[in-house]
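# build me a structure from this.
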Amino acid sequence: MAVDLSAAKLLASQINAGLPVERDLLAQAARAITGELAARHPGHTIEIRVPPFAAVQVCATGGEGPQHRRGTPPNLVEMDAQTAVRLAVAAITWDDAVATGLVRYSGAHAGDVATMLPL
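Now for the predicted structure:
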C-alpha cells in the first residue's frame, strides 16, 4: 500500500498544531509508512517498530547485510506513530527526532534509516 503523502502531511500538520488525532488514523498511517519503507528497502538488517501498530524489517543497502530472525534484533529503530508520520513528510528531521528522544535506535546499521526518510 503506497502512502498518501497529502493525507500524511495533513495528519502531520494536525500533530504539529497539537490537535487530537484519531487512534485509527495514526494506526493506518503507521502501517502505511512502515509498509512503504519495507517495499522501498527490502531486507532484514534493521527492524523498524512503531508500537503498537507496526513492525517491519528493512535494509538500507539493497538487501545486503546481516539478517535478523529471532529475539531482539541488533539493529532496531523505534518511534511512536506521530513521529513516524512527521518523519515521513519532513515535518521533523531525523536528527531532531533523535535528539529529543522521539526516535530511539541501536546497532551499527540502525542509523541508516535516516537515509530512508522522508518518503
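
# for the most far-flung residue of the chain relative to its centre, what are phi and psi?
Relative to the mean C-alpha coordinate of the chain, counting by CA atoms, centre = their mean, the farthest residue is residue 19 (21.2 Å). Main-chain torsions, residue 19, degrees, to the nearest 10: phi -80, psi 150.

# quick check: the gap between it and residue 48.
According to CB to CB, to the nearest Å, residue 19 and residue 48 sit 26 Å apart. For the C-beta atoms, the positions are set from N, CA and C on the backbone; glycine is no exception.

# elements contacting the helix or strand bottoming out on mean pLDDT in the chain?
Least confident helix or strand, the chain: helix 5-16 with a mean of 92, by mean pLDDT, DSSP states H and E. Using 3 or more CB pairs under 8 Å, 6 or more residues apart in numbering; DSSP states H and E as the contact test, the elements touching helix 5-16 are helix 23-40, helix 81-88.

# tell me which of the ones you listed sits most buried.
Comparing these by mean neighbour count (mean count of other CB atoms under 10 Å), helix 81-88 ranks first with a mean of 25.

# using PDB, list the CA coordinates for that helix.
Extracted C-alpha coordinates of helix 81-88, given in PDB (Å, rounded to 0.1, in the frame of the first residue of the first chain):
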ATOM      1  CA  ALA A  81       3.200   6.800  15.300                       C
ATOM      2  CA  GLN A  82       3.100  10.600  15.400                       C
ATOM      3  CA  THR A  83       6.900  10.700  15.000                       C
ATOM      4  CA  ALA A  84       6.700   8.200  12.100                       C
ATOM      5  CA  VAL A  85       4.100  10.500  10.300                       C
ATOM      6  CA  ARG A  86       6.200  13.600  10.900                       C
ATOM      7  CA  LEU A  87       9.400  12.000   9.700                       C
ATOM      8  CA  ALA A  88       7.600  10.600   6.600                       C
END
